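Enquirer: Provided below are the primary sequence and the corresponding predicted coordinates.
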Amino acid sequence: MQLALLDWLIIAAYVAFALAVGLHFARRASSSPDEFFVSGRSLPWWLAGTSMVATTFAVDTPLVVTGWVRDYGIWKNWLWWCFAVGSLLSVFVFARLWRRTGALTKAELAELRYGGAGARALRASLGFLHAGVTNTIVLCWVLLAAAKIADVMFQIDKAWALAIGCAIALSYSLLAGFWGVVVTDLVQFIMAMVGSVALAFISWRAIDGLGGLVASGALGPDTLRFLPSPGPGALWEVSFWTTPVAILAVNLGIGWWATEWVDGDTVVVQRVLASRDERQGSLAVLWYAVAHYGLRPWPWILVALASLVILPTLQVQSPVDGVVRSVDERRVVIEPAGGGSPVEVSLRQAGSAEDWYPLPAADLTPGQAVSRGQQVARTDSERAYVVMLTRYLPAGLLGLVVASLLAAFMSTIDTHVNLASSFFVNDLYRRFVRPRAAETHYVFVARLAGLGVMAMAALFAYAAESISDLFTFLLAFLGGVGPVYVLRWLWWRVRASTEIVAMAASAVTTVVVSNLDLSWRFGPLSPDGGLLHEARLLIVVAVSILAALGSMWLTPGPDPRSLVPFYEKVRPVGWWAPVRSLAAPTEAGSSSFRSVLGVISGLALIYGALFGLGHLLLGGRATAAMCATVSVLGAAGVLFALRPFLAGKTPS
């Protein structure tokens, strides 16, 4: 694919802008860890919230959404739509509590909340986890997405794409600090929305809209459904629970509260901690929730639907029983089991093009046995988004979208490099290695840590194939700690050991069920004998909760006197009577009614907007009007629930 001069000028202009921002804020960011990691805690809600939205639009996001819609249907997006509940809990409960802690990272909360040797061990564990594992996995899938885009658009192989991507990102992220992150995020959000809407409009017109999509015959039975089709039986009958329905039930019933993100993921919490005060932090999360879940998904979904017509799914099966002799991007050579000449299977099937063709299965290697009819190659649905934009966007718009993808890549990279560095410096190096160094020394160490994290992520990305697989592994890896993370704010009885046990049980169980063939059967959640992500999540959550409850049962409760400093500083709600009786009087707690109303109303606002737009775009105008009404009523409920907060009161 050839970019026009105008496209290159637009891309160059954005890179120059990002570097200029980095240079402008370099001195300020270098002055202290607070400036480098949380912008001196001075962000307004609109900038902090927009940065949340922009950062969660990584370069991989439209690719993975496209893959889900093509391979499963619109309903598959409930894997992330379900997290809207946790975002609204942050708006009405957790954001203000996080901001009151004055912490620099989520791990720092451990010592403030619990105190003692157990809390120090927990803080160190969380520092290592988020510096070396979780943020590294996120960086890995972002780099993998960038490599896929570079392959389609510029025919750059994976190793070079990863090297170039790391160099571009590090030249900016290690210079700018968090100030550079949020300022460039604002521009990136505008560019990304304009580009994605333009591509959706052009793609939809190219297939003659909904009529052309339906007439193409490319739709599966659940492709356009917001909820998957159940089986023929009643709710209580086994036949009702098809695999898609079981997946949805796990996501809606467990997925949103089980993970460590339930009280705010690291990206959101960092921006809440960087906000001017707790009011600005809560409003930032509200803006993020509405934009992220209610407004942004549909341009990506429309492009994915249009791609089904333009880019058919192509599969290649083995014509014989045998053993794979060699594999490359154009052919698979199989040695027949009964002897005879090797069979060469071309991967350039009918319907292939230079930018769209089947790729060998990720697990297909020389020496592997294959059976007749077994799939050996398939088109990569995640690449379809990139192929669509290269085929349909004109000069100028193509440059804008490529620049927005580059901006999304840089935004996510610099955010997670910054996050990983903050955990390493604040919760490991400064806390346990060198606690009394100069402020500028810690910023220098943070930049070195960023280089190390990027190197690890690039190595992992080189070995990985699927963005979706990395995402679902991370969800399961942290899949059982959510209940403990909620209870630590609400119940004085939770100890540091409770968190440690839940975290260890979740991590170990995830690794075990992901790497061992347990031959377990979970009905519709193991359709081909292997466990789906949702089945793994059920196992991880069950083991983690049982381990945490066992830990609490076997250990005595904490001394209420040790929790008084935390209670007086944060003013948590819930079951704190033994601590409250020892603490100085604090402001009255916030209305539980307003908090519950706010969460329910917020869900009505977000899902009403999400499904209203969907029905409007897909021809259901009457249903769209009903959804719009629900969204408006939800907005009114949110305003009512936030009225004391917006009026200047900051109840606990």
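Expert: Thanks, I have the structure now. Numbers count the residues shown, from 1 in each chain.

Enquirer: all contacts plus neighbour counts: C-alpha atoms, from now on.
Expert: Will do.

Enquirer: Buried ones in stretch 236-245, by neighbour count?
Expert: By 16 or more other CA atoms under 10 Å, the buried positions in stretch 236-245 come out as 240-245.

Enquirer: ok, so of the residues you listed, who is nearest A215?
Expert: The shortest approach to A215 among these belongs to P244, at 24.7 Å (CA to CA).

Enquirer: Pretty sure the closest one sits in a helix.
Expert: Yes - applying DSSP: H, G, I helix; E, B strand; the rest coil, one finds P244 inside a helix.

Enquirer: Can you check the pLDDT for it?
Expert: Listed pLDDT for P244 reads 90.

Enquirer: swap in the one 4 residues further on?
Expert: Reported pLDDT at L248 in the predicted model: 91.

Enquirer: for the stretch 351-500 of the chain, what spans make up the strands?
Expert: Assigned by DSSP state E, counting those that start in this stretch, the stretch 351-500 of the chain shows strands spanning 359-360, 369-370, 375-378.

Enquirer: how about the CA coordinates for the longest one, as PDB?
Expert: Which is strand 375-378. Below are the C-alpha coordinates for strand 375-378, written out as PDB (Å, rounded to 0.1, in the frame of the first residue of the first chain):
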ATOM      1  CA  GLN A 375      -8.000 -26.700   9.300                       C
ATOM      2  CA  VAL A 376      -4.400 -25.700   8.700                       C
ATOM      3  CA  ALA A 377      -4.800 -22.100   7.700                       C
ATOM      4  CA  ARG A 378      -7.400 -19.300   8.100                       C
END
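
Enquirer: Not counting that strand itself, show me its contacts.
Expert: 313-318, 332, 347, 357-361, 364 (CA atoms under 8 Å, 6 or more residues apart in numbering).

Enquirer: 6 Å - rerun?
Expert: Defining contact as CA atoms under 6 Å, 6 or more residues apart in numbering, one finds that strand 375-378 is touched by 314-317, 358-361.

Enquirer: quick one: contacts for A628?
Expert: By CA under 6 Å, 6+ apart, the neighbours of A628 are 608, 612.

Enquirer: try 7 Å this time
Expert: A628 makes contact with 608-609, 612, according to CA atoms under 7 Å, 6 or more residues apart in numbering.

Enquirer: quick revisit: could you name the stretch from the strands of the stretch 351-500 of the chain that's closest to T415?
Expert: Proximity to T415 (CA to CA) singles out strand 359-360 among these, at 32.0 Å.

Enquirer: Tell me where this structure has strands.
Expert: Applying DSSP state E to the chain gives strands spanning 315-317, 322-327, 331-336, 343-346, 359-360, 369-370, 375-378.

Enquirer: sorry, back to before: for the contacts of strand 375-378, could you give me JSON lines that also reports neighbour count, pLDDT and distance to V596?
Expert: What follows is those, written out as JSON lines (neighbours: other CA atoms under 10 Å; pLDDT from 0 to 100; distance: CA to CA, whole Å):
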{"residue": "L314", "neighbour count": "20", "pLDDT": "92", "distance to V596": "48"}
{"residue": "Q315", "neighbour count": "16", "pLDDT": "91", "distance to V596": "49"}
{"residue": "V316", "neighbour count": "22", "pLDDT": "92", "distance to V596": "52"}
{"residue": "Q317", "neighbour count": "16", "pLDDT": "91", "distance to V596": "53"}
{"residue": "P358", "neighbour count": "25", "pLDDT": "91", "distance to V596": "49"}
{"residue": "L359", "neighbour count": "20", "pLDDT": "89", "distance to V596": "49"}
{"residue": "P360", "neighbour count": "23", "pLDDT": "90", "distance to V596": "50"}
{"residue": "A361", "neighbour count": "16", "pLDDT": "85", "distance to V596": "48"}
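
Enquirer: If we only consider these, which is nearest to N251?
Expert: The closest of the contacts of strand 375-378, once distances to N251 are taken by CA to CA, is A361, at 27.6 Å.

Enquirer: what pairs with the closest residue to that closest one other than its chain neighbours across the strands?
Expert: Computed as CA to CA, 6 or more residues apart in numbering, the closest residue to A361 that is not its neighbour in sequence is A377, at 5.0 Å. Judged by DSSP bridges, the bridge partners of A377 are V316, P360.

Enquirer: Contacts for stretch 117-126, please.
Expert: Contacts with stretch 117-126, where a contact means CA under 7 Å, 6+ apart, come from 107-108, 110-111, 427-428, 496-497, 500.

Enquirer: Could you rerun that using 10 Å?
Expert: Stretch 117-126 has contacts (CA atoms under 10 Å, 6 or more residues apart in numbering) with 105-114, 127-129, 131-133, 423-424, 426-429, 431-432, 495-501, 503-504.

Enquirer: of those residues, buried ones?
Expert: Buried among the contacts of stretch 117-126 (16+ other CA under 10 Å): 105-114, 127-129, 131-133, 423-424, 426-429, 431, 495-501, 503-504.

Enquirer: so who does A58 touch?
Expert: Counting by CA under 10 Å, 6+ apart, A58 makes contact with 138-139, 141-142, 145-146, 404-413.
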